[in-house]
Structures are given as C-alpha cells and as structure tokens.
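Peer 1: just coords:
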C-alpha cells in the first residue's frame, strides 16, 4: 500500500486564484477531484497530492499547454507556507531563505526533499528530490506539479531580491510536456533543460548571497520560534525540532546537557542518541546549529552588545563566544557586525 502523501492546504489559495484568472470555476473543480474547498480555512490542513496531480492535469488541459503551472506560481504569496513563509520573507538573504525552505520542507509537503547548496564558484542550486510510489516507482509529484513548484521558487526569489531576478537555468528530469510553452519560457526567461538527472533551479551565487532589503533579524527570530513550534505539532517523528525548542528555552541559563534534554523529553540518554543517529544527526550538531542561528540573528541587531549575545546563546564568557563565532564565520563577531552594518546602505537598498 502506498503511503499517504499530502501537502499544506494553503496551496489551494494560489491554485484557486489561478483558476479564477484562467476562467476555471474553482469550487466545482476542487470538488470534482475530491478536495473540500473549506479545508483552505484550516491553516494546518493537508490535501492529498494525488488529487492535486489530477487537478493540475485537468486545468492545464482546459487552458492548453502549461499555463496553469505558471499562473499558480504568479498567484503565490509566502503566507501560503504558514510560519515558514514569514520566516523566509524576513531572512537575511535569498540563500538563507532557500536553505530554510529546504530545512523545513515538511511544512510544505511530505512528497519530496529539497536541497539548497552552492555548486562550484558561481552557481547556487535549489534541487527537488521527488519521492516515488513504492509499488509503481512513479514519482509522487507529476511533471506539472514539479514545474509549478520550481516556478514558485523563482517567484519567491523575485519577491526577495527583486523583480528583475532570473535563474541561470531550469533543469527537469523529465522530457518536455507537450509542445513548447511560451508562457513558461517567458516566465523563467532563462534556458530550460529537459532529461537531466535532477529537477532544479540554478541561480547566480553572488545574487543569492547578497543581503535582502526585506531582511529583519528581530522579526525573523520570532517567525522561527513559531515555525519550530508548528513543526513539533505537524512532524512529531522529527526529534530535532523538539530538541531545538528545548535548547532555545534553556540557553540563557547556559547550554543544557544532552542528558537534561533527554529527561525533559521523557527519553533515556541512550534512546535519545539512538533516535538522533537514525535521523542522521547528533545532539552536539543541533546545539551548535541552534547557537549559530540565534547568534546570526542577534548580531544583526545593533542594540544588542556582543557580551549580551554570548550570554543569550549559552556561553559562560565572551572569549568562548568569540572562538565559536570565528569557527562559524571566520572572523570576530565585532568585525562581522561592522561589515554587516556597512553593507546595509542606501545604495544597496536601491539595487533591490
């Protein structure tokens, strides 16, 4: 029997908007494929992906070509992704935003993995690894849905770095869907490659790394706290989110030990270690990553002193904090802050 693959009900917002734009009756069409229109009112609701795949095929057939895929992306707003959307909007850079989507992809769907990484010196890649049905080997996401998602990543990128943003190229692991689609070509405005070994958006690494004008470290930290709590509810099998929440709560009093966190979660130390090992991580890495994430948000807030930040992320003295920061960023925290504040100029804002 196939696993139940689903996606966040918020996707119905851009889907129904796209239907209206293309003169497809939304309510009747959703019900035709067994999707209750009222589920959009539940921000934590889920929709069957197989039903959505059938809906995408129907809507594209109605309008011809692949225009529906692109219209869904054009109708996208980050709020569709719940707390993840707001955390992405306030991220420091497009790179940070895409890495966050990859990290918290289970907010969006349990149908795929997403990887965000630098490739060579010039490229940054958002790579979508689609799961397959166990009985047939068929991809859980259809080519239409893959295109809609990659187009949504491009739309999201334009919201963050500017409307003139274009990818370096789009890569699909399937052959062309029907005839050439002028709508898709015009939207991506870059080479589209088919029959590749991945589904990916390839971007200019320099553009991706640049500070976003919408970055807001204080608001971003609030959104991340909301996001972790949301993840603890929707993905109870992922122990990392629960541990990170405990660490965040305890850090101002000093870094909690692994044994303390295990006890708070009702687990033995050995059981906690085994579960984390099964998930490909360990307590030390979660603690270090959590400290770094908090630090990078705090360091970008000028009103917070370096010593205060060190205290808030659980270091007993500034020297230990400085050593950790150099390991993370290759420079002292004061030097990083100076560079950050210097780069946040009116000229940089105008560029976006």
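Peer 2: Perfect, I can see it now. What you are looking at is a predicted structure, and each value in this text was computed from that prediction instead of being measured.
Peer 1: Every contact and neighbour count from this point should use C-alpha atoms.
Peer 2: OK.
Peer 1: Count residues in the vicinity of the nearest residue to residue 247 once chain neighbours are set aside, would you?
Peer 2: Spatial nearest neighbour of residue 247, chain neighbours left out: residue 256 (6.5 Å); criterion: CA to CA, 6 or more residues apart in numbering. Around residue 256 there are 17 other residues, counting by other CA atoms under 10 Å.
Peer 1: next one: residue 231
Peer 2: By the criterion of other CA under 10 Å, residue 231 has 21 neighbours.
Peer 1: and what of residue 181?
Peer 2: Residues within reach of residue 181, counting by other CA under 10 Å, total 14.
Peer 1: just the one 10 residues further on next, same as before
Peer 2: Residue neighbour count, defined by other CA under 10 Å, stands at 11 for residue 191.
Peer 1: List the residues that contact it.
Peer 2: Contact analysis of residue 191 by CA atoms under 8 Å, 6 or more residues apart in numbering lists 168-170.
Peer 1: can you give me the helices for the stretch 251-352 of the chain?
Peer 2: Along the stretch 251-352 of the chain, the stretches classed as helices by DSSP state H, counting those that start in this stretch are 258-264, 269-278, 283-299, 306-312, 318-329, 333-343, 346-351.
Peer 1: which stretch in these is the model least sure about?
Peer 2: When the helices of the stretch 251-352 of the chain are compared on average pLDDT, helix 346-351 comes out lowest at a mean of 38.
Peer 1: Turn the contacts of residue 191 into a markdown table, columns for neighbour count.
Peer 2: As requested, the contacts of residue 191 are exported to a markdown table (neighbours: other CA atoms under 10 Å):
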| residue | neighbour count |
| --- | --- |
| 168 | 18 |
| 169 | 17 |
| 170 | 25 |
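Peer 1: For the residue positioned nearest the centre of the chain, what are phi and psi?
Peer 2: Nearest residue to the geometric centre of the chain (CA atoms, centre = their mean): residue 101, 0.7 Å. When read as degrees, to the nearest 10, the backbone of residue 101 gives phi -60, psi -40.
Peer 1: Surely it touches residue 82?
Peer 2: No. With contacts counted by CA atoms under 8 Å, residue 101 stays clear of residue 82, the gap being 11.7 Å.
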